[in-house]
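K.L.:
output the structure for:
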Amino acid sequence: MDYKALSEKLFPNIDKTPDFWEEKYPPRALKEGARVTRFAPSPTGFLHFGNLFTCLVSYKTAKSTDGVFYVRVEDTDQKRKVDGAIEVMLKGLSLYGIVPDEGVVAEDTEVGDYAPYYQSARKEIYQTYAKSLVEQGLAYPCFMTPEELDEIRAAQENESIKGIWGKWAKHRDLTFEEIEARLENGEAWTLRLKSPGDIEKKCYFDDMIKGKIEMPENVQDVVILKSDGIPTYHFAHAVDDHLMRTTHVVRGDEWISSAPIHLQLFRVLGFKPPKYAHVAPIMKEENGGKRKLSKRKDPEAAVTYYAEQGFPSESVNEYMLTLANSNFEDWRRTNQNEPLDKFPFNLKKMSVSGALFDMVKLTDVSKNVICKMKADKVFELSYEWAKEYCPDLAGLYEKDTERATAILNIDRENKKPRKDIAKWSDIPDYISYMYDETFVPCYDLAGNATPELAVKVLEKYIDCVNLGDDKDEWFARMKDLCPCVDCTPNVKEYKQNPDDFAGHVGDVSTIIRVALTGRTNTPDLCAITALLGEKAVKERLSAALAHYKEEV
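P.N.:
Model (predicted):
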């Protein structure tokens, strides 16, 4: 077989050699140990939480070593392309602080010396390497029709190894003349790898997460170019990862089964393979068992869910790191105010079997993140969210932005800030009593507070309330009120002699709290009273007093 002649026959328009592309895309000038990773989406749909998680792992792997993270778009299957999908994905990544150093940085916008980063624009490159494989006798044209392939699939139904190999690879050894005749006859062909695999041998690789993996060698003559000259994923990713000088490929563990094909392609092409890190899927508990997070069943599978609910990106990132590295929470406890990029991320600290998604945990993490934010930041972020997802809240904010910020600052910037807010969609209910438009009176009491006691307390308090009180003055006023309504200002004294009193200072403040907010549990009541304003305070106290008088 004259393989040189065959390569020219199959690829008459390819005049470059692999050396041309090797020179055009030289090894990167990075410090020793710097890792080059990528996110390689297909433009076929929305950003899944699992994609975001895997992408974060890839991003952290590069950034923790002063390396490079790039985005490559795998768009060779134009039939499945969804317009705008890449823009949506990139915006989703950016929202969570994942900004590529190079590659596709916006729809149809590329940055970097290893362009093009759209696979659909790299056809000449792939065909150059395909031609080189043919020239070396390592690939061959296959003329099997769809009907013939269907017959082989049916015949292999009970075979342990499926695909085109062994006796089924019937075009592997066609002569040059036979190939030439078929080409002249206009028969469609695909290019297949002439696999050097041995059914008796194993391939081994050290996965950065799962450790040493042993699998049978690939013996299939896989398709590397389809009949339209476009590469398959297997071939394209091998060429691209080599020429873009990718050092570490972070991907879902569903790709482990393809690793023997990929490692074989790297070897046949003469490339050093990247290191693989196969990420286990995010799991969810259901009916006592576990299953993969599903974009069909679980709304939280879509990254857009977190924006819609108003989880800050900082919270989602913090939560993802609890899933990604087993030592993150210990690090956070001892580094409470450090930014996330200070965390020493390590692939080897990842779960082998798959992290468990827990909405309760995300909520707790987010409460901790939000409670540390300054009021200005809480206002800014929640206002941006409200303008898109909750116009009623945005309208309340816009009435008086300074007052809105002050409301959000109640019990915030102190040593033990409250943790009432887990996401921005919690805010409308959380602050509803601060606005007449959204305040819903509720006069249900708690503890020792009774309607009879409430009447006495409100009759006294309505005449002495002072919105100018500071916290200490306000509490002193509560204590001074106690003897006037048969209560004790000392909770301990009440516990010792409960029959001697109608209640204690806590019950007195509860009555006022319920009257002003409709709730038994709120942040600092002194600050609430001051921000409500004299008119609202007097009106609400009067309405509550009238209600309890009716009950009595």
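K.L.:
tell me how far L381 lies from E300.
P.N.:
20 Å (CB to CB, to the nearest Å). The C-beta positions use only the backbone N, C-alpha and C, and glycine is treated the same way.
K.L.:
got it, and A355?
P.N.:
According to CB to CB, A355 stands 14 Å off from E300.
K.L.:
so which of the two has more stuff around it?
P.N.:
A355 (20 against 17; other CB atoms under 10 Å).
K.L.:
nearest spatial neighbour of the more buried one, chain-adjacent residues omitted?
P.N.:
L323 (3.8 Å; CB to CB, 6 or more residues apart in numbering).
K.L.:
in what helix or strand does that neighbour lie?
P.N.:
Assigned by DSSP states H and E, L323 belongs to helix 313-324.
K.L.:
which strands and helices sit next to that helix?
P.N.:
helix 49-63, helix 328-334, helix 359-371 (3 or more CB pairs under 8 Å, 6 or more residues apart in numbering; DSSP states H and E).
K.L.:
tell me the angle it makes with helix 49-63.
P.N.:
Put simply, helix 313-324 runs at 80 degrees to helix 49-63, going by axes from the mean of the first three to the mean of the last three CA atoms, to 10 degrees.
K.L.:
just checking, I164 touches Q220?
P.N.:
Yes: taking contacts as CB atoms under 8 Å, I164 lies within contact range of Q220: 6.1 Å.
K.L.:
how much space separates the nearest residue in space to K549 that is not next to it in sequence from V440?
P.N.:
Closest residue to K549 apart from its sequence neighbours, by CB to CB, 6+ apart: V455 at 5.7 Å. Note on V455: its distance to V440, by CB to CB, is 22 Å.
K.L.:
these two - which one has more neighbours?
P.N.:
V455 (20 against 9).
K.L.:
which SSE is the more buried one in?
P.N.:
Secondary structure from DSSP H and E places V455 in helix 451-464.
K.L.:
state the mean pLDDT of that helix.
P.N.:
Taken as a whole, helix 451-464 has an average pLDDT of 96.
K.L.:
among the helices and strands packed on helix 313-324, which is the most enclosed?
P.N.:
helix 49-63 (a mean of 23; mean count of other CB atoms under 10 Å).
K.L.:
other SSEs contacting that helix?
P.N.:
Counting by 3+ CB pairs under 8 Å, 6+ apart, helix 49-63 packs on strand 36-39, strand 68-71, helix 85-95, strand 248-252, strand 275-279, helix 313-324.
K.L.:
my guess is the residue nearest to K549 contacts Y548. True?
P.N.:
Yes: the pair formed by V455 and Y548 meets the contact definition of CB under 8 Å, at 4.9 Å.
K.L.:
what do these two both touch?
P.N.:
Here V455 and Y548 have no joint contacts, going by CB atoms under 8 Å, 6 or more residues apart in numbering.
K.L.:
hey, C-alpha coordinates of the biggest helix by length in the chain in PDB?
P.N.:
Criterion DSSP state H: the longest helix present in the chain is helix 534-551. Provided in PDB are the C-alpha atoms of helix 534-551 (Å, rounded to 0.1, in the frame of the first residue of the first chain):
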ATOM      1  CA  GLU A 534     -44.100  58.200  64.600                       C
ATOM      2  CA  LYS A 535     -47.200  58.100  62.500                       C
ATOM      3  CA  ALA A 536     -47.000  54.400  61.700                       C
ATOM      4  CA  VAL A 537     -46.100  53.500  65.300                       C
ATOM      5  CA  LYS A 538     -49.000  55.400  66.800                       C
ATOM      6  CA  GLU A 539     -51.400  54.000  64.200                       C
ATOM      7  CA  ARG A 540     -50.300  50.400  64.800                       C
ATOM      8  CA  LEU A 541     -50.300  50.700  68.600                       C
ATOM      9  CA  SER A 542     -53.800  52.100  68.500                       C
ATOM     10  CA  ALA A 543     -55.100  49.400  66.100                       C
ATOM     11  CA  ALA A 544     -53.600  46.700  68.300                       C
ATOM     12  CA  LEU A 545     -55.100  48.200  71.500                       C
ATOM     13  CA  ALA A 546     -58.500  48.300  69.800                       C
ATOM     14  CA  HIS A 547     -58.200  44.700  68.800                       C
ATOM     15  CA  TYR A 548     -57.200  43.500  72.300                       C
ATOM     16  CA  LYS A 549     -59.900  45.500  73.900                       C
ATOM     17  CA  GLU A 550     -62.400  43.700  71.700                       C
ATOM     18  CA  GLU A 551     -61.000  40.300  72.800                       C
END
